[in-house]
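Undergrad: Sequence below, structure please.
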Amino acid sequence: MLLQLVFILVIGGALVAAISMFRRGRAGAQMVAPESGILYVTGVSPRPDATGEQYVTLSGSISGPMVVAHEVYGRFAWDVNQWPSIGDQIPVTYPAGKPDHWQLAHPGVRPYFGSRQQRDQGN
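TA: Numbering: from 1, shown residues only. This next block holds a predicted model:
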C-alpha cells in the first residue's frame with residue numbers, strides 16, 4: 001500500500017513538473033534584446049585558392065557596451081571574394097551578458113553548420 005502511494009506521488013510530481021515546463025516554454029521568458037559589438041580580428045586562417053564559399057577560422061576579441069576585449073573564436077563558411085584579414089573590425093551581435101554566443105553580421109559569412117554552396121540555376 002505504501003509503495004502504491006509513493007508511486008502515485010512520484011507520477012503526480014512528474015506530471016506537475018512537465019506541465020509547468022510546457023507552460024513556461026509556451027509563454028517563454030521575455031527575450032532580452034541582443035547587444036551589438038565589434039570583433040577585432042587577431043587571427044584568420046589562410047585564404048584558399050579555391051573560389052566560392054570556403055571555411056574560415058577567426059579569432060579575436062569582442063568589445064561592446066557591457067563587454068571589454070572578450071576573447072573568442074569561431075569557424076564559418078565564408079565567400080572567398082570577401083575574405084577577412086587581421087585587423088578587420090566586424091560587427092557582431094550576442095545575447096546580453098553572454099558574448100560567448102556571438103554571431104557575425106557580415107555579408108560574406110554563413111553559419112558553419114547547415115551551410116551549402118549555391119548552384120547555378122541557369123544550367
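Undergrad: CA only for contacts and neighbour counts going forward, please
TA: OK.
Undergrad: Where does the prediction get shaky in this protein?
TA: 24-32, 106-123 (pLDDT under 70).
Undergrad: Against residue 19, how distant is residue 6?
TA: With distances defined as C-alpha to C-alpha, to the nearest Å, the gap from residue 6 to residue 19 amounts to 20 Å.
Undergrad: ranges for the strands of this structure?
TA: Per DSSP state E, the chain carries strands over the ranges 35-44, 53-63, 70-79, 89-94, 103-104, 109-110.
Undergrad: Alpha carbons of the first one, in PDB - could you do that?
TA: Think strand 35-44. C-alpha atoms of strand 35-44 as PDB (Å, rounded to 0.1, in the frame of the first residue of the first chain):
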ATOM      1  CA  GLU A  35      23.800  43.600 -27.800                       C
ATOM      2  CA  SER A  36      25.900  44.800 -30.700                       C
ATOM      3  CA  GLY A  37      29.600  44.900 -30.600                       C
ATOM      4  CA  ILE A  38      32.700  44.800 -32.700                       C
ATOM      5  CA  LEU A  39      35.000  41.800 -33.300                       C
ATOM      6  CA  TYR A  40      38.600  42.900 -33.700                       C
ATOM      7  CA  VAL A  41      40.200  40.100 -35.800                       C
ATOM      8  CA  THR A  42      43.500  38.900 -34.400                       C
ATOM      9  CA  GLY A  43      43.800  35.600 -36.300                       C
ATOM     10  CA  VAL A  44      42.400  34.200 -39.500                       C
END
